[in-house]
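J.: Predicted model, plus sequence, below.
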Amino acid sequence: MLQEPRDCSEERWAHLGEYLIRRRVELNPRYRTVFARERRFPYKLICEFEKHTRRNFGPATIIATEQIYELGPGFIRRFLNGCEDVSDDPAGEPAAA
């Protein structure tokens, strides 16, 4: 059974933040402000995810975050639980762990 995101380790949250930064840059916007404006998503939430300064996100926020980063449904929860990781390829595509 998968843990709730808020219960996952600080290390997993740090890895998620690093992955989301790479994913954002891959999608084009190098700057969080541009990404937030283009995706019509709160800048503060993008920062909280990417800098892993908060863990208590509700399900709707996690789903919306997966959508703006163009990740599959449930990716964040699986990633935080170590069920998904990113491959070593430059594209940073998700790969089963």
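T.: That came in fine, so what should we check first? None of the values given here were measured: they were computed from a predicted structure.

J.: and the closest residue to residue 39 other than its chain neighbours, how far is that from residue 7?
T.: Closest residue to residue 39 apart from its sequence neighbours, by C-beta to C-beta, 6 or more residues apart in numbering: residue 68 at 4.3 Å. Placement of C-beta: from N, CA and C, glycine included. Distance of residue 68 to residue 7, given as C-beta to C-beta, to the nearest Å: 24 Å.

J.: more crowded one of those two?
T.: Between residue 68 and residue 7, counted using other C-beta atoms under 10 Å, residue 68 has the larger neighbour count: 20 against 10.

J.: State the number of residues packed around residue 64.
T.: Number of residues near residue 64 (other C-beta under 10 Å) recorded here: 16.

J.: Which secondary structure element is home to it?
T.: Element membership of residue 64 [criterion: DSSP states H and E] is helix 59-68.

J.: What residues sit buried inside that helix?
T.: With burial defined by 16 or more other C-beta atoms under 10 Å, the residues of helix 59-68 counted as buried are 61, 62, 64, 65, 66, 68.

J.: from the residues you listed, which is closest to residue 31?
T.: Each of those was scored against residue 31 by C-beta to C-beta, and residue 68 proved nearest at 14.6 Å.

J.: Just the buried positions in stretch 41-50, please.
T.: Buried residues in stretch 41-50, defined by neighbour count with 16+ other C-beta under 10 Å: 41, 45, 46, 47, 48, 49, 50.

J.: what does stretch 10-20 give?
T.: By 16+ other C-beta under 10 Å, the buried positions in stretch 10-20 come out as 12, 13, 15, 16, 17, 19, 20.

J.: Just confirm the last one is within a helix.
T.: Yes: looking at residue 20 with DSSP: H, G, I helix; E, B strand; the rest coil, it is inside a helix.

J.: quick one: the nearest residue to it once chain neighbours are set aside from residue 35, how far?
T.: Take residue 20 and drop its neighbours on the chain: the residue closest to it by C-beta to C-beta, 6+ apart is residue 50, 5.1 Å away. Distance of residue 50 to residue 35, given as C-beta to C-beta: 10 Å.

J.: Cool, thanks, signing off.
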